[in-house]
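*Asks:* With the sequence up front, the predicted model follows.
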Protein chains: 2
Amino acid sequence: MRLSKKERQGNLTDTIKVNPFITDEELAERFRVSVQTIRLDRMELSIPELRERIKYVAEKSFEDEVKSLPIEEIIGEIIDIELDQSAISIFDVKREHVFIRNGIARGHHLFAQANSLAVAVINDDLALTAKSNIRFTRPVKEGERVVAKAKVIHMKDQKDRTTVEVQSLVGGELVFTGEFEMYRSKKSVKDEE
Amino acid sequence: MRLSKKERQGNLTDTIKVNPFITDEELAERFRVSVQTIRLDRMELSIPELRERIKYVAEKSFEDEVKSLPIEEIIGEIIDIELDQSAISIFDVKREHVFIRNGIARGHHLFAQANSLAVAVINDDLALTAKSNIRFTRPVKEGERVVAKAKVIHMKDQKDRTTVEVQSLVGGELVFTGEFEMYRSKKSVKDEE
DNA sequence: CTACTATTAGTACCTAGTACTAATACTGGA
DNA sequence: TCCAGTATTAGTACTAGGTACTAATAGTAG
């Protein structure tokens, strides 16, 4: 027996979701109904036509692509910064940041937040990380908001190096600490004093 | 005066590149020529029609989207692995991994490659990074291929900790070293011996 | 058996083209 | 200045993958 209308429509929604590139004709064959039935179904379910679906997918990704470069520049959102002194950023842990099997954030995302904050707080276009010593003090889970606080430690004798200490917290609880030794191309204003 | 054919065609390529969603009619208006001229131009330049362009963008992103979760699981491509012993991964530094202003890879990508390799080499579903000590020994540029080699250091007395040493090289030259202290939920086979 | 829903068929029309022919405009060189 | 060759434009037939609509037929539950 062919599927009932309800079953077919549920199945149709899924089929189109996993493959938005399918035509009404192909759908008609797959469900052994006429093309008109498929079109009625799409109307009832407010599923747009093939071309509109493709366009939507393309537009979505095109925007992302344009955005992705600047976004990748800093992981997390900087909410406060005083150059060569301190900075704070927040980072919301989402599904894509955690291990599927246990929901714990992958270490490199916490590192990325801290590291990019350390780079940002240095008042130098060419700041680079030279060394780093880090510690993950407790696992961070999906849905948690990580607040990273960076503090620049000014060393007297060092000309082209600056140390930045970063502490990351979730609800006041320490989850990550890191010490970043940063390479810089010019002296900081503070150091010149 | 209107643009020459050459100028128009060069401009056309760019226009379509930044906005693949533009129709021949809109292009004709923009360049003050007929729709037919635009079509001749597209043929000479082998630029596909609007719908094909949109489809291409959509397909590209759709694949990426489907892939993106598993890909994020490990940064770089693992080319050799012996659980609880050693592993090697390669990571090609692309535009999106570098600072725009100097073309140098952001530290957290090198860290991510090394860290996810350290996680992967541990024969435990619940391996997590506890501590890490890293050093960036020379900047890595766009276009370079980073080869990361991980080696598991087996400690006798430690039950739930394992140390992994990672060295990353570009063309034989050391660019990054890291020592990762990993937390694990169960003992390794080696340790049980 | 009837009322209602579900399905199918068919038509006119749409967009954004391709493929092709033919006419006209422009432009550089003898 | 005229002619050849290139560039541009116009127009027609046809395509995919639809929308929007009307109308006929099939199935089914009360």
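*Replies:* Thanks, I have it.

*Asks:* Tell me which stretches of chain A form helices.
*Replies:* A:5-18, A:24-31, A:35-44, A:50-73, A:107-121, A:189-192 (DSSP state H).

*Asks:* Any buried residues in the second one, and which?
*Replies:* Taking 16 or more other Cβ atoms under 10 Å in any protein chain shown as the neighbour-count basis, helix A:24-31 is seen to contain the buried residues A:D24, A:L27, A:A28, A:F31. Yep, even glycine has a C-beta here, placed from its N, CA and C like the rest.

*Asks:* what does the third one give?
*Replies:* By neighbour count with 16+ other Cβ under 10 Å, helix A:35-44 contains the buried residues A:T37, A:I38, A:D41, A:R42.

*Asks:* Of those residues, which are in range of DNA strand C?
*Replies:* A:T37 (Cβ under 7 Å from any atom of the strand).

*Asks:* how near is A:A112 to A:N102?
*Replies:* Noted for A:A112: a distance of 20 Å to A:N102, by Cβ to Cβ, to the nearest Å.

*Asks:* A:S168 now?
*Replies:* Plainly put, A:S168 is 19 Å away from A:N102 if you go by Cβ to Cβ.

*Asks:* higher neighbour count, those two?
*Replies:* A:S168 (28 against 13; other Cβ atoms under 10 Å in any protein chain shown).

*Asks:* Can you report how many residues lie near the residue nearest to the more buried one when sequence neighbours are not counted?
*Replies:* Of all residues not flanking A:S168 in the chain, A:F176 sits nearest, at 3.9 Å (Cβ to Cβ, 6 or more residues apart in numbering or on different chains). Neighbourhood size, A:F176 [other Cβ under 10 Å]: 23.

*Asks:* and what of A:S46?
*Replies:* Close neighbours of A:S46, defined as other Cβ under 10 Å, add up to 6.

*Asks:* Which residues does stretch A:133-142 contact?
*Replies:* Identification of contacts with stretch A:133-142 by Cβ atoms under 8 Å, 6 or more residues apart in numbering or on different chains yields A:93-95, A:97-98, A:103-105, A:107, A:110-111, A:114, A:146, A:170, A:173-179, B:128-134.

*Asks:* Please, a PyMOL command that selects the buried ones among these?
*Replies:* Those of those that count as buried under 16+ other Cβ under 10 Å are selected in PyMOL with:
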select buried, (chain A and resi 93+97+98+104+105+107+110+111+114+146+170+175+176+177+178+179) or (chain B and resi 128+129+130+131+132+134)
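
*Asks:* Next step: the contacts of stretch A:133-142 restricted to strands.
*Replies:* Using DSSP state E, A:146, A:170, A:173-179, B:128-134 are the members of these that sit in strands.
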